[in-house]
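Participant: with the sequence up front, the predicted model follows.
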Amino acid sequence: MNAKEVVDTMLGQDSFSKWLGIEVLQIKPGYCKLSMIIRADMLNGFGIAHGGISYSLADSALAFASNAGGIKSLSIETSIAHVESLKEHDELVAEAFCETETKKLGHYVVTITLKKQPTKKVALFRGIVYKTSKVW
């Protein structure tokens, strides 16, 4: 399968990413660019986006980027830094790329920005994936 077919297959079975409203903007092995819009049902008690929303967007970008090469890969460690608060109607763009990789591990960076301010980072995510021996 090519990168688009892998991600289409993954998304076809991913109810949570569908609930988030994720749109795939670009995909290739080791790279993924996604977008989504913050909705009212994603806000916490402070009226800002729950931290799990940007985390989940980044996690999906990591999953798609790391699997796009055709090898089934699973995250084994992730972390996020929330740099700016997010509000309803903010459109986010997550860009994931493989920083380094070995035969079994991939180290990824995901940057989340606002679509209207593409140079303004709102969250920084890092993840390590384990590359299985299974192919898509």
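Facilitator: On my side now, so go ahead.
Participant: so where's the protein shaky on pLDDT?
Facilitator: With pLDDT under 70 as the threshold, the chain has no low-confidence stretch at all.
Participant: how about the strands in it?
Facilitator: With DSSP state E as the criterion, the chain has strands at 23-28, 31-37, 71-82, 91-101, 105-114, 117-135.
Participant: okay, these in CSV with distance to residue 61 and mean neighbour count next?
Facilitator: From N, CA and C alone the C-beta is placed, and that goes for glycine too. Output for the strands of the chain, formatted as CSV (distance: least, CB to CB, whole Å; neighbours: other CB atoms under 10 Å):
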stretch, distance to residue 61, mean neighbour count
strand 23-28, 9, 15
strand 31-37, 5, 21
strand 71-82, 11, 15
strand 91-101, 4, 19
strand 105-114, 5, 20
strand 117-135, 8, 15
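Participant: how far away is residue 84 from residue 51?
Facilitator: 12 Å (CB to CB, to the nearest Å).
Participant: quickly list what's touching both of the two.
Facilitator: With contacts taken as CB atoms under 8 Å, 6 or more residues apart in numbering, residue 84 and residue 51 have no neighbour in common.
Participant: still on that earlier bit, quick one, which of the strands of the chain is nearest to residue 6?
Facilitator: The closest of those to residue 6 is strand 23-28. By CB to CB, the value is 8.2 Å.
Participant: what is the closest one packed up against?
Facilitator: helix 3-12, strand 31-37, helix 51-67 (3 or more CB pairs under 8 Å, 6 or more residues apart in numbering; DSSP states H and E).
Participant: give the buried residues for the first one.
Facilitator: In terms of neighbour count (16 or more other CB atoms under 10 Å), helix 3-12 has its buried residues at 3, 6, 7, 10.
Participant: same check, this time on the last one
Facilitator: Along helix 51-67, these residues count as buried under the neighbour rule (16+ other CB under 10 Å): 53-67.
Participant: next, the angle from it to strand 91-101.
Facilitator: Taking axes from the mean of the first three to the mean of the last three CA atoms, to 10 degrees, helix 51-67 and strand 91-101 form an angle of 50 degrees between their directions.
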